[in-house]
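**Student:** the following comprises the amino acid sequence and a computationally predicted model.
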Amino acid sequence: MFAGFTSEVSVGYLVILAILIFLSMLRSIRGRKYKPGRVLFRPLLYLALGTLVVIGDQSILPLILLSTIAGIVVGLRFGSGATLFFNTGVLYYKRSITLYLIWLVLFLVRVGVEIALPLNQSGVTLVDSLLMFSGGLLVGEAYHLIKKASTYQYRGQNL
């Protein structure tokens, strides 16, 4: 994954990345101003980060793609954990902490597998599939949130 880097640099990089993702999560839990691009950008970024981690094994690419699509479909169906609300006449949104934590834990497990925890190929494939499924859940939830906001007439009422 991090060719040419020492293990210490890789771990340091990942710790910084995890801290940034965690701080972003806290901000999303408290609420952020609603903008469709902002709602969709972060889940797509997390999906891209997951893809960068798992892309090393081309043989499981169809399974990864299937997991991502399944995650998006499930996220569309059960993306109701995200909420919209008004604060001083401005529309805000909050993400589901559960979906976010699932993705973060799976991402850190996958990176840990890459660096320190040797697993057999079946274990790595399972973790990769779950990581991409959870990334798809986040994308599906974001789309659900955008759709929910677009059907609402911005009247200053809680959704």
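**Tutor:** Nice, thanks for sending it over.

**Student:** name the next helix or strand downstream of the one helix or strand in the chain whose mean pLDDT sits lowest, please.
**Tutor:** Using mean pLDDT, DSSP states H and E, helix 7-30 stands out as the lowest-scoring helix or strand of the chain, at a mean of 70. Helices and strands here follow DSSP states H and E; after helix 7-30, the next one along the chain is strand 32-33.

**Student:** what's that following strand packed up against?
**Tutor:** strand 90-94 (3 or more CB pairs under 8 Å, 6 or more residues apart in numbering; DSSP states H and E). All C-beta spots, glycine's among them, are computed from the backbone N, C-alpha and C.

**Student:** list of residues touching the strand it packs on?
**Tutor:** Strand 90-94 is contacted from outside by 28-34, 39, 82-86, 145, 149, 154, using CB atoms under 8 Å, 6 or more residues apart in numbering.

**Student:** can you point me to the longest helix in the chain?
**Tutor:** Using DSSP state H, we find that the single longest helix of the chain is helix 121-150.

**Student:** now that helix: mean pLDDT?
**Tutor:** Averaging pLDDT along helix 121-150 yields 88.

**Student:** quick one: buried residues of that helix?
**Tutor:** Buried residues in helix 121-150, counted by 16 or more other CB atoms under 10 Å: 124-125, 127-146, 148-149.

**Student:** show me what stretch 69-84 is in contact with.
**Tutor:** 34, 91-99, 132-145, 148-149, 152, 158-159.

**Student:** now do the same end-to-end measure for it.
**Tutor:** Stretch 69-84 has its terminal residues 25 Å apart, counting by CA to CA, to the nearest Å.

**Student:** the residue nearest to I21 when sequence neighbours are not counted sits in which helix or strand?
**Tutor:** Excluding its sequence neighbours, the residue lying closest to I21 (CB to CB, 6 or more residues apart in numbering) is L104, at 6.0 Å. Secondary structure from DSSP H and E places L104 in helix 97-115.

**Student:** thanks again, I'm all set now.
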